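*Asks:* sequence? don't have it. structure:
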């Protein structure tokens, strides 16, 4: 044991020297250990499953040790039966982690297994000053706070700003020309000159004003404005992935309530969800999209080539587009933006699906309070380094963002829905994807949502619950009547 600690100390010092030479990991703190640094035998262990977290966690551990004298050992493990591995290592083998990273949807399973510690939050950071409400809901189970929100992923509406500016310029120019043509023609009748009626003064539009704020407004945009040369589509998304579909009916697919942990709160079969899913069906015809025609990668390539104006993408697109701007051959040559779409139409809301990764403290650890301090350090104090080390976006609000689109993505995340935490609904993602896929293929939306409700309740309560029939609402949007 002493040999292991001595070896780790040597490696830690070497790592600190290397990091000091190659980067400023934590502004305001030197990586060269000061003479006053405390000698301590405290060692924390943290487990994670995602390879992209490796550099971030190791660097955070180096800085934390320099700051506190506490060593942190990080270990990447398989995501297969992750919680079972933690439980076995902790109870049977005696080397389980003090803290671990997991998706919020697994929180109930972790808590019921005794693996989640109810946090003290002595630094008072688990509140809306530091984190979006959706993050606070993600870490909550049965009114307990069981983790620190670390990072999130969700779908966002991205648009080509360069092309949008071209659309605005062309539209304004055409309107000015049309306006100036009034009055040019006149007629003379029996010696009297009759001039054409003078139109009202044309007010030019600006890009920010015409950006859609609802999903249905995208169709209105397509009916009113012409695409620039070379741009082939107004709007596309990967229909085969529920992450990008969920926006349509997500606000009205309630499983488990806001925190996703209440078994009696299941409401997916309702008039609102049916209306929204029928609009989803309509979009197939309006934008002439086939389910299997495009992969997500195909759409990204077309967007970067300027062939698509609007696209629904995941938050990783920010890192990709910024990196592609810097490549020498064929760089991404456009400006882009993220627009907030929080409504389906003028009356119905729209919410996307999000995934929140959290740092939890092992309830069976002997170093729970110390582990919580490091979890807070990773999620708050050191979070300004998360994007540069992982390409992922921190849940913690940042004082400033490297790119303005990052802040826009956070605003989208604030309007998202997390996966439920209820153990029996671990396949909810798959069930929703099946509903959207079948709806896209033209199946009856009423029947699909009724079946989804019955299936979810059967998984939770053990018996199939037959829902009372609700009449399908009639979709009455402008695009329905336009030819």
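*Replies:* All right, it came through fine. A quick note: this is a predicted structure, and the numbers were derived from the prediction, not measured.
*Asks:* Work out the gap between stretch 324-334 and the centre of the chain.
*Replies:* From the chain centre to the centre of stretch 324-334 is a distance of 25 Å (Cα atoms, centre = their mean, to the nearest Å).
*Asks:* Would you indicate which residues of that stretch are buried?
*Replies:* 332, 334 (16 or more other Cβ atoms under 10 Å). For glycine as for every other residue, the C-beta is placed from the backbone atoms N, C-alpha and C.
*Asks:* contact partners of that stretch?
*Replies:* If you take Cβ atoms under 8 Å, 6 or more residues apart in numbering as the criterion, stretch 324-334 is touched by 160, 161, 162, 163, 304, 306, 321.
*Asks:* measure that stretch end to end?
*Replies:* Using Cα to Cα, to the nearest Å, one end of stretch 324-334 lies 11 Å from the other.
*Asks:* and that stretch, average pLDDT?
*Replies:* Average pLDDT, stretch 324-334: 95.
*Asks:* hmm, back to that, which ones among the contacts of stretch 324-334 map onto strands?
*Replies:* residue 160 (DSSP state E).
*Asks:* Show me which of the contacts of stretch 324-334 are buried.
*Replies:* Buried members of these, counted by 16+ other Cβ under 10 Å: 160, 161, 163, 304, 306, 321.
*Asks:* just the residues you listed now: which is nearest residue 143?
*Replies:* Using Cβ to Cβ, residue 321 comes nearest to residue 143 of the buried ones among the contacts of stretch 324-334, at 40.4 Å.
*Asks:* pLDDT wise, what is residue 293 at?
*Replies:* 79.
*Asks:* quick one on the thing from earlier: which of the buried ones among the contacts of stretch 324-334 lies closest to residue 89?
*Replies:* The closest of those, once distances to residue 89 are taken by Cβ to Cβ, is residue 321, at 40.2 Å.
*Asks:* before we move on, the earlier item: would you turn the contacts of stretch 324-334 into TSV with distance to residue 398?
*Replies:* Output for the contacts of stretch 324-334, formatted as TSV (distance: Cβ to Cβ, whole Å):
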residue	distance to residue 398
160	26
161	22
162	27
163	29
304	26
306	30
321	19
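*Asks:* Buried ones in stretch 262-271, by neighbour count?
*Replies:* Residues 262, 266, 268, 269, 270 are the ones in stretch 262-271 that count as buried (16+ other Cβ under 10 Å).
*Asks:* what's the answer for stretch 130-145, then?
*Replies:* For stretch 130-145, burial by neighbour count (16+ other Cβ under 10 Å) applies to 130, 131, 132, 134, 135, 136, 137, 138, 139, 140, 141, 145.
*Asks:* Compute the distance between the last one and residue 92, please.
*Replies:* Which is residue 145. Taking Cβ to Cβ, to the nearest Å as the measure, residue 145 falls 28 Å from residue 92.
*Asks:* same check, this time on the first one
*Replies:* In this structure, residue 130 and residue 92 are 37 Å apart, going by Cβ to Cβ.
*Asks:* In contact with residue 372: list those residues for me.
*Replies:* Applying Cβ under 8 Å, 6+ apart, we find residue 372 in contact with 99, 117, 119, 120, 122, 361.
*Asks:* I meant residue 439, not that one.
*Replies:* Counting by Cβ under 8 Å, 6+ apart, residue 439 touches 277, 280, 281, 445, 448.
*Asks:* hang on, isn't the last one packed against residue 274?
*Replies:* No. Taking Cβ atoms under 8 Å as the definition, residue 448 is not a contact partner of residue 274, at 9.1 Å.
*Asks:* Please name the residues that touch residue 321.
*Replies:* 304, 332, 336.
*Asks:* Can you lay out those residues as TSV showing distance to residue 295?
*Replies:* Compiled in TSV, the contacts of residue 321 are given as follows (distance: Cβ to Cβ, whole Å):
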residue	distance to residue 295
304	14
332	19
336	20
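*Asks:* Now residue 165: closest residue in space that isn't a chain neighbour?
*Replies:* What sits nearest to residue 165 in space, not counting adjacent residues and going by Cβ to Cβ, 6 or more residues apart in numbering, is residue 207, at 5.7 Å.
*Asks:* wait, residue 470
*Replies:* In space, and not counting its chain neighbours, residue 470 is closest to residue 271: 6.1 Å by Cβ to Cβ, 6+ apart.
*Asks:* mind giving me the domain ranges of the protein?
*Replies:* For the chain, the structural domains run 2-153+355-418, 156-173+203-353+422-481, going by automatic domain parsing.
*Asks:* before we move on, back to that, how about the contacts of stretch 324-334 in TSV, adding distance to residue 291 and pLDDT?
*Replies:* TSV is the format used below for those (distance: Cβ to Cβ, whole Å; pLDDT from 0 to 100):
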residue	distance to residue 291	pLDDT
160	24	98
161	29	98
162	30	98
163	26	98
304	23	98
306	25	98
321	26	98
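*Asks:* helix or strand for residue 156, which one?
*Replies:* Using DSSP states H and E, residue 156 sits in strand 148-160.
*Asks:* Strand partners (parallel or antiparallel) of that strand?
*Replies:* Strand 148-160 has the following strand partners under DSSP bridges: strand 308-314 (antiparallel), strand 336-339 (antiparallel), strand 352-361 (antiparallel), strand 393-394 (antiparallel).
*Asks:* how much space between residue 331 and residue 246?
*Replies:* Using Cβ to Cβ, residue 331 is found at 32 Å from residue 246.
*Asks:* An error on my part: the question was meant for residue 410.
*Replies:* In terms of Cβ to Cβ, residue 410 sits 18 Å off from residue 246.
*Asks:* okay, those two: which has more neighbours?
*Replies:* residue 246 (25 against 22; other Cβ atoms under 10 Å).
*Asks:* contacting residues around that one?
*Replies:* 155, 253, 351, 352, 353, 417, 432, 436.
*Asks:* again with residue 303
*Replies:* 158, 160, 311, 313.
*Asks:* want to throw the residues you listed into TSV with distance to residue 44?
*Replies:* Formatted as TSV, the contacts of residue 303 follow (distance: Cβ to Cβ, whole Å):
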residue	distance to residue 44
158	39
160	46
311	42
313	36
